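S.K.: Sequence first, then the predicted structure:
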Amino acid sequence: MSQKSKIADQKLALRAQLWPDITAEHLWERTKSTGFTTLPRTMPLLATIMDSLSKNKPVSAVYLDLWCRAFDECFVTLNKQPEMAFHAGFTGQRAVQTWSERIKILHKWGFINVVAGPSGPLSFAVILNPYKIIKRLSKDKPSPIRQDLLNALHQRVIEIGAEDFKDG
């Protein structure tokens, strides 16, 4: 039995002990369900870093919506801007304008790249590897990313074995 299987079995046994009335029917199992995406285990921390860079204009909900709309090609067509603004939490007359501002901030920092097309200047987006972007930004002097957040990211990527953020 692999180490991974042993750990999973231990967690399942503990879950069954702690929640005996919860069955698989109550859970959302990614291998048995559709409509899911792969998400880095560091996404909450990546979102915090993005929001810290955006200076009181949180971008993480917009980024997460883009991520969840993309498939393995990391490409998103931005042709449903009112819907995308709403999904990111923006409502009212300025929803699309606010969403657009956040898209431009994500583009400015390099987390996404956008190009014009049939929906205007923001028609298509490609989502770039957030580890690579943060690594590049962290080398700026002074770094725009708080040191405590960088240290936390370093610790977490070591814990999970993420290779994208390693030196070299």
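M.R.: Received the coordinates, thanks.

S.K.: Check what pLDDT residue 36 gets.
M.R.: For residue 36, the pLDDT comes out at 80.

S.K.: Leaving out the residues flanking it, which one is nearest to it?
M.R.: Leaving out its chain neighbours, the residue that sits closest to residue 36 by CB to CB, 6 or more residues apart in numbering is residue 30, at 5.2 Å. C-beta: built from backbone N, CA, C; applies to glycine.

S.K.: Next, residue 58: secondary structure please.
M.R.: At residue 58 the chain is in coil, as set by DSSP: H, G, I helix; E, B strand; the rest coil.

S.K.: Equivalent analysis for the one 5 residues further on, please.
M.R.: Three-state secondary structure (criterion: three-state DSSP) places residue 63 in helix.

S.K.: Number of residues surrounding it?
M.R.: Counted with other CB atoms under 10 Å, residues neighbouring residue 63 total 25.

S.K.: re earlier: and the residue nearest to residue 36, that one's in a helix?
M.R.: No. In this structure, residue 30 is coil, not part of a helix, as judged by three-state DSSP.

S.K.: What distance do you get for it to residue 58?
M.R.: Distance, residue 30 to residue 58, by CB to CB, to the nearest Å: 27 Å.

S.K.: Please say which of these two ends up with more neighbours.
M.R.: Legend: neighbour count by other CB under 10 Å for residue 30 and residue 58, higher for residue 58 (18 against 11).

S.K.: pretty sure the more buried one is touching residue 51, no?
M.R.: Yes. With contact defined as CB atoms under 8 Å, residue 58 reaches residue 51; the gap is 4.6 Å.
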